[in-house]
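Peer 1: got a predicted structure here, sequence first:
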Amino acid sequence: MKKKLFFLAAALLFLGFTSNLMAKERGGPAPSVVPAEGSSENPGAEGTDEKTVPDDNTPGQAGEEKEPFAPYWAGQLAYSFSTQTSQSGPGQTTQEISLTGNYYFSESGHFFSLVAGGGQQTLEGLNSSYGTFSLGGGLGFGFFQPTLSLSFEQGAQALNSLDANLVLNFQFFKPFALGVILEASPQNHQGALSTVLGGSSDQIDEIDSVDLTGGLQAVLTPWDFLGLTLTVEQDDSTTYQWQNILHTSVHGLNQTEQIPSATLGADITILQDFTLDLSFQAGVENIPAGISYNPILKQTQNNPKATSQSFTGYTAGLTYNL
């Protein structure tokens with residue numbers, strides 16, 4: 001009996017020694033059901049290293065939400081003076097004051113525009129007042145930024161004009177954009193018959209014409225305060241008829257004056273609220289023989305033969321951003 005008890009005690013000691021040796025070989029003590037102090041299984045224990053998690057609703061911290069875009073109006077008050085001179089003499093001179101309201105209704109650049117203005121211009125050799133109103137808008141799709149405007153003009157000498165202008169702008173990278181220009185402008189006004197047929201007649205007739213223009217424009221904005229624009233275009237001005245003011249005697253025409261030109265413009269921001277607009281234009285008039293309305297001189301002429309002559313133009317304006 002004593003021998004059995006001795007062998008049993010020896011077996012228990014051997015098993016305990018073996019178990020302790022195997023635990024040491026595994027690199028740690030035998031597992032315990034009570035978590036040690038400071039362990040991750042006991043987060044309330046003393047010595048726990050807690051990390052602070054920023055609150056998304058706390059201002060100034062990472063995760064702060066961006067303020068949402070709100071549609072808004074922006075206004076401009078502008079004055080401009082322009083003149084054109086050809087080889088045959090002084091051309092048109094125009095002074096205009098305009099008020100523009102732009103409504104931006106998306107963060108990407110969608111906008112709607114209203115413009116009202118008026119001024120004085122040279123028409124058939126006379127100083128004539130006029131008023132103008134236009135509607136426009138544009139879309140901002142990042143790379144593609146088209147704009148469209150419709151302008152209506154009425155003035156002295158029974159002037160009526162409509163202008164539709166479509167510009168397809170492509171923003172290749174931030175400071176540079178390239179655009180395609182498409183424009184159509186029908187108009188009619190009254191002038192003395194003596195300017196058409198010569199002589200001293202006091203009869204007043206109506207001249208009807210339409211301008212179709214196509215071209216390219218490149219816009220470079222090297223700095224926030226400076227924008228440069230180069231425009232190259234071809235204007236086909238067609239005088240298609242002249243008639244008496246009662247529209248009972250119509251004289252059909254098909255006289256087209258082709259006018260290629262290039263314009264270099266600069267927009268210079270001054271004191272943040274003011275923008276100085278300057279441009280220089282140079283081109284060539286290819287004038288047909290016969291009766292036609294010259295859009296550079298803004299005068300109807302009866303040319304004995306076809307001819308070509310160069311012209312230049314200047315524009316200066318000041319815009320106040322309201």
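Peer 2: Noted; the coordinates are in hand. Residues are numbered from 1 along each chain as shown.

Peer 1: low-confidence stretches in the stretch 151-300 of the chain?
Peer 2: 195, 197-201 (pLDDT under 70).

Peer 1: wait, Q217 touches L178, no?
Peer 2: Yes. Q217 lies in contact with L178 (Cβ atoms under 8 Å); the separation is 7.4 Å. For glycine as for every other residue, the C-beta is placed from the backbone atoms N, C-alpha and C.

Peer 1: more crowded one of the two?
Peer 2: Neighbour tally, Q217 and L178, criterion other Cβ atoms under 10 Å: the higher count belongs to Q217, 18 against 13.

Peer 1: tell me which element the more buried one is part of?
Peer 2: Using DSSP states H and E, Q217 sits in strand 204-223.

Peer 1: one more: W73?
Peer 2: strand 72-86.

Peer 1: C-terminal to that strand, what's the next element?
Peer 2: Counting by DSSP H and E, what follows strand 72-86 is strand 89-104.

Peer 1: if we can go back for a sec, which neighbours do Q217 and L178 share?
Peer 2: The contact sets of Q217 and L178 do not overlap (Cβ atoms under 8 Å, 6 or more residues apart in numbering).

Peer 1: what about the helices in the stretch 1-150 of the chain?
Peer 2: 2-25 (DSSP state H, counting those that start in this stretch).

Peer 1: which regions of it sit below the pLDDT cut-off?
Peer 2: Along the stretch 1-150 of the chain, segments meeting pLDDT under 70 span 1-64.

Peer 1: next, A289: phi, psi?
Peer 2: phi -80, psi 150 (degrees, to the nearest 10).

Peer 1: actually A158, not the one I typed
Peer 2: phi 50, psi 40.

Peer 1: what number of residues lie near it?
Peer 2: By the criterion of other Cβ under 10 Å, A158 has 13 neighbours.

Peer 1: contacting residues for it?
Peer 2: Shown in contact with A158 (Cβ under 8 Å, 6+ apart): N188, H189, Q190, E206, I245.

Peer 1: try it again at 7 Å.
Peer 2: Going by Cβ atoms under 7 Å, 6 or more residues apart in numbering, A158 touches H189, Q190.

Peer 1: quick check: it vs N244, distance?
Peer 2: 12 Å (Cβ to Cβ, to the nearest Å).

Peer 1: could you do G265 as well?
Peer 2: For G265 relative to N244 (Cβ to Cβ), the value is 41 Å.

Peer 1: other SSEs contacting the helix or strand containing T238?
Peer 2: According to DSSP H and E, T238 maps onto strand 226-244. Contacts defined by 3 or more Cβ pairs under 7 Å, 6 or more residues apart in numbering; DSSP states H and E place strand 226-244 against strand 204-223, strand 250-270, strand 290-294.

Peer 1: what are the buried residues along it?
Peer 2: Of the residues in strand 226-244, G227, T229, T231, E233, D235, S237, T238, T239, Y240, W242, Q243 count as buried by neighbour count, 16 or more other Cβ atoms under 10 Å.

Peer 1: with distance to G252 as extra columns, can I get these in CSV?
Peer 2: Output for these, formatted as CSV (distance: Cβ to Cβ, whole Å):
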residue, distance to G252
G227, 44
T229, 39
T231, 33
E233, 28
D235, 22
S237, 17
T238, 12
T239, 10
Y240, 7
W242, 9
Q243, 9
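
Peer 1: just the closest of the residues you listed to S279, please.
Peer 2: T229 (7.9 Å; Cβ to Cβ).

Peer 1: doesn't T221 make contact with the closest one?
Peer 2: No. The pair T229 and T221 does not pass the contact test of Cβ atoms under 7 Å, sitting 9.6 Å apart.

Peer 1: ok so, going back, restricting to C-alpha, output the strand holding W73 in PDB.
Peer 2: Extracted C-alpha coordinates of strand 72-86, given in PDB (Å, rounded to 0.1, in the frame of the first residue of the first chain):
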ATOM      1  CA  TYR A  72     -25.600  83.900 -55.400                       C
ATOM      2  CA  TRP A  73     -25.800  87.000 -57.500                       C
ATOM      3  CA  ALA A  74     -22.800  89.000 -58.700                       C
ATOM      4  CA  GLY A  75     -23.100  92.400 -60.400                       C
ATOM      5  CA  GLN A  76     -20.900  94.500 -62.700                       C
ATOM      6  CA  LEU A  77     -21.200  98.200 -63.800                       C
ATOM      7  CA  ALA A  78     -19.100  98.900 -67.000                       C
ATOM      8  CA  TYR A  79     -18.200 101.700 -69.300                       C
ATOM      9  CA  SER A  80     -16.500 101.100 -72.700                       C
ATOM     10  CA  PHE A  81     -15.300 103.200 -75.600                       C
ATOM     11  CA  SER A  82     -14.400 101.700 -79.000                       C
ATOM     12  CA  THR A  83     -13.400 103.000 -82.400                       C
ATOM     13  CA  GLN A  84     -12.500 101.500 -85.800                       C
ATOM     14  CA  THR A  85     -10.600 103.200 -88.600                       C
ATOM     15  CA  SER A  86     -10.100 101.900 -92.200                       C
END
